[in-house]
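In: Just a sequence and a predicted model for now, questions to come.
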Amino acid sequence: MQTLTPSPLTQAAFAPFGDVLEGAGTPDKLINQGLCGRFHDRARLDFGPDGRAGISIFDAQPRALPYLLDMVERHPDGSQAFIPMHEQPFLVIVAHDLGDAPANPLAFITNGAQGINFHRNIWHGVLTPLASPGRFAVIDRIGDTPNLQEYWFTAPWQVHHPV
Ligand SMILES: NC(=O)N[C@@H](O)C(=O)O
Ligand code: NI
């Protein structure tokens with residue numbers, strides 16, 4: 001079976017696929033009488049001409065490593081952000097699009113204080129918490145289209161523990 005070893009999530013490595021959301025380092029601005037740092041406008045949200053932004057709460061079952069990756073999906077009509085409502089790391093899977101199928105998947109593990117925003121039409125694994133609670137705020141497109149395309153790998157991947 002093909003194997004994947006997750007890397008720590010960084011904005012640079014994730015940039016071709018989306019945005020990493022974290023309040024690390026110096027804030028872009030101080031607000032609220034200097035008592036709050038604002039890390040301003042850190043995601044490229046996209047809901048298309050006929051959709052609107054929605055915030056949902058996902059309560060996902062935690063998974064364990066090694067994890068069997070047998071499917072990726074994408075949302076052709078909009079972006080999708082996963083914001084953890086906890087401080088637990090979660091697994092992030094993305095894959096390149098070779099026209100007719102996803103390929104060369106990559107695995108990342110967040111540091112517990114990061115969220116992510118997949119850009120429109122990016123192949124990704126479903127929300128994959130690694131600990132309980134698997135509770136996330138999800139910002140994505142609300143609209144009339146299915147906005148979901150799944151791809152089941154004929155040969156699944158096994159995602160191992162990070163080295
Ligand atoms: N289907 C759904 O709402 N969630 C997935 O898109 C996912 O990425 O987990
Ligand atoms: Ni999704």
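Out: Okay, I see it. Numbers count the residues shown, from 1 in each chain. Ligands and ions are numbered 1, 2, ... in the order given.
In: any idea of the pLDDT on residue 102?
Out: Listed pLDDT for residue 102 reads 97.
In: check contacts around it.
Out: For residue 102, the contacting residues are 72, 74, 95-96, 123, 151, by CB atoms under 8 Å, 6 or more residues apart in numbering. Heads up, the C-betas are built off the backbone N, CA and C, glycines and all.
In: among those, who's most crowded?
Out: Greatest neighbour count in the contacts of residue 102, by other CB atoms under 10 Å, goes to residue 72: 24 neighbours.
In: Could you report the separation of the nearest residue in space to that residue that is not next to it in sequence from residue 36?
Out: The shortest distance from residue 72 to any non-neighbouring residue, by CB to CB, 6 or more residues apart in numbering, is to residue 123 (4.5 Å). Distance from residue 123 to residue 36, counting by CB to CB, to the nearest Å: 36 Å.
In: Also residue 2?
Out: Distance from residue 2 to residue 36, by CB to CB: 45 Å.
In: Any idea what the residue nearest the centre of the chain is bridged to?
Out: With distances taken as CA atoms, centre = their mean, residue 116 lies nearest the centre of the chain, 4.5 Å away. Note on residue 116: beta-bridge partners residue 20, residue 82, judged by DSSP bridges.
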